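Trainee: give me coordinates for this.
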Amino acid sequence: MNRIWLLPLSYVYGLGVWIRNRLYDWNILSSEKFKIAVVKVGNLTTGGTGKTPHTELVAAMLMELFPTVAILSRGYRRKTQGFRLADQADTPDTIGDEAFMLYRKLPGVLVAVCEDRAEGIHRLLKIQPYLSAVILDDGLQHRKVEGGLNLLLSDFNRPFFRDYLLPAGNLRESASAAHKADLIVFTKTPGQLSLYDKKLYETKVKPGAHQTILFTTLQYSEPVFIEPFPEWPLTASDQIVVVTGIAHADSLITYIKTVGPTYKHLEYPDHHEYKQAELNQIEAAWQSFPPSQGNRYILCTEKDFVKLAMHCAWFEQLQIPLAYLPVEIGFDEQDRTLFIKRIESYVRQHQRNT
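Mentor: Predicted coordinates for the structure are as follows:
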């Protein structure tokens, strides 16, 4: 549908969000403030900003500096309800794919899910009374908890200041809501970002005195395979089926194109649950590659891998290698220093110690 016909609906949606926020601003609805460092990581859009790897980065950084750190998520698309502290019995079905991935990658961090973030923090503090900090994954719109330090992420290629409110665009809140952020991080930026581009984005945002604008990149490593398949580097001679169930796969596909393998892309909706029908599609795409022309395998994101790996016996039985492509967040040195200094300073001032 043409965006112009959706604009009236966007105004109605935006009015609803505005009313909700004013109810909190006027203390008709109350936000709970905790005597603990609360770091909110989120975005204004419906997804695709790299929220999960940035949440992982913040948690890993804080774990090097403080004794106890927790991540609290709502556990999107999980098949359970209420508060749940992740443990070895959990799966993507019980805590959600993103929370499960973070639990697997950050063994020293408490990872929990709860629809009500205020209740979730209370429950975490009962489990660990001297928690140093809690990171609210996708917590910017959760006004029931007052955030102490707010990180707003925005895709560099789809910046919030060029977007529209739902349903005409992808904004969950008006672009003016960016004023609530302390750190505004433009993600998925090109490797070599010019000073002109940085200044252009700063001009568009018009940051307040309390705000810092940073730029990050996605950096991919070599594929990681499930056992018993051997480790192979990604090369131009490979034949791969790329499987994604994320909001925007552009950065991943761009990287794969730079390496140059032959590939087919099976693109599914964000947080997709892989069942036998999808496995059959994956097998058919893999079988379509000639077996004599280089390595052929399935390559996915780490978020998809935690769900596809639940079918590891199926992949092993059919001898279909499955791998994910690890991704890390990159900064230039100045932005990295600012990022660490701002978050560390806040947590040191607000960590619970009594």
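Trainee: Y263 is in contact with T244, isn't it?
Mentor: No: taking contacts as CB atoms under 8 Å, Y263 lies outside contact range of T244: 11.4 Å. Heads up, the C-betas are built off the backbone N, CA and C, glycines and all.
Trainee: neighbour count: those two, which is higher?
Mentor: Neighbours per residue (other CB atoms under 10 Å) separate Y263 from T244, with T244 holding more: 21 against 17.
Trainee: phi first, then psi, for that one.
Mentor: With angles defined as degrees, to the nearest 10, T244 sits at phi -130, psi 140.
Trainee: Y263 too?
Mentor: Reported as degrees, to the nearest 10, the phi and psi values for Y263 are phi -140, psi 160.
Trainee: name the SS class of the closest residue to it other than its chain neighbours, please.
Mentor: Distance criterion CB to CB, 6 or more residues apart in numbering; nearest residue to Y263, sequence neighbours excluded, is I240 at 4.8 Å. At I240 the chain is in strand, as set by DSSP: H, G, I helix; E, B strand; the rest coil.
Trainee: how far away is I240 from P261?
Mentor: Going from I240 to P261 by CB to CB, to the nearest Å gives 5 Å.
Trainee: list residues touching both of these two?
Mentor: L234 (CB atoms under 8 Å, 6 or more residues apart in numbering).
Trainee: these two - which one has more neighbours?
Mentor: I240 (27 against 19).
Trainee: and the chain, what are its domain boundaries?
Mentor: The chain breaks down into these domains under automatic domain parsing: 3-218+331-350, 222-325.
Trainee: in a markdown table, list those domains along with mean pLDDT.
Mentor: Below are these laid out as a markdown table (pLDDT from 0 to 100):
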| stretch | mean pLDDT |
| --- | --- |
| domain 3-218+331-350 | 89 |
| domain 222-325 | 96 |
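Trainee: any idea what the closest residue to R296 other than its chain neighbours is bridged to?
Mentor: Distance criterion CB to CB, 6+ apart; nearest residue to R296, sequence neighbours excluded, is Q239 at 4.0 Å. Beta-bridge partners of Q239, counted by DSSP bridges, are T262, R296.
Trainee: hang on, the earlier thing: contacting residues for the residue nearest to Y263?
Mentor: I240 touches L234, I256, P261, T262, Y263, K264, R296, Y297, I298, L299, counting by CB under 8 Å, 6+ apart.
Trainee: now, which of those residues sits nearest K198?
Mentor: I256 (27.3 Å; CB to CB).
Trainee: the closest one reaches Y263, doesn't it?
Mentor: Yes: applying CB under 8 Å, one finds I256 in contact with Y263, separated by 5.8 Å.
Trainee: need the overlap of contacts for these two.
Mentor: In terms of CB under 8 Å, 6+ apart, I256 and Y263 are both contacted by the residues I240, V242, L299.
Trainee: out of these, flag the one nearest to S292.
Mentor: Looking across these and measuring by CB to CB, the closest to S292 is I240, at 15.9 Å.
Trainee: ok, now how distant is the closest one from I253?
Mentor: I240 is 11 Å from I253, by CB to CB.
Trainee: what's the answer for K264, then?
Mentor: The value you get for K264 to I253, if CB to CB is used, is 11 Å.
Trainee: find residues that contact each of those two.
Mentor: The contact lists of K264 and I253 share V242, where a contact means CB under 8 Å, 6+ apart.
Trainee: could you look up the SS state of E316?
Mentor: E316 is classified as helix under three-state DSSP.
Trainee: quick one: residues in contact with the helix or strand in which K303 is found.
Mentor: Assigning secondary structure by DSSP states H and E places K303 in helix 302-308. The contact list for helix 302-308 (CB under 8 Å, 6+ apart) reads 52, 92, 97-98, 100-101, 104, 243-246, 272-274, 298, 300, 315, 322-327.
Trainee: out of the residues you listed, which sit inside helices?
Mentor: Mapping these onto helices (DSSP state H) picks out T52, P92, D97, E98, F100, M101, R104, F315.
Trainee: among those residues, name the buried ones.
Mentor: Buried by 16 or more other CB atoms under 10 Å: T52, P92, D97, E98, F100, M101, F315, out of the ones in helices among the contacts of helix 302-308.
Trainee: leaving out chain neighbours, which residue sits closest to the third one?
Mentor: The spatially closest residue to D97, leaving aside those adjacent along the chain, is K303, at 5.4 Å (CB to CB, 6+ apart).
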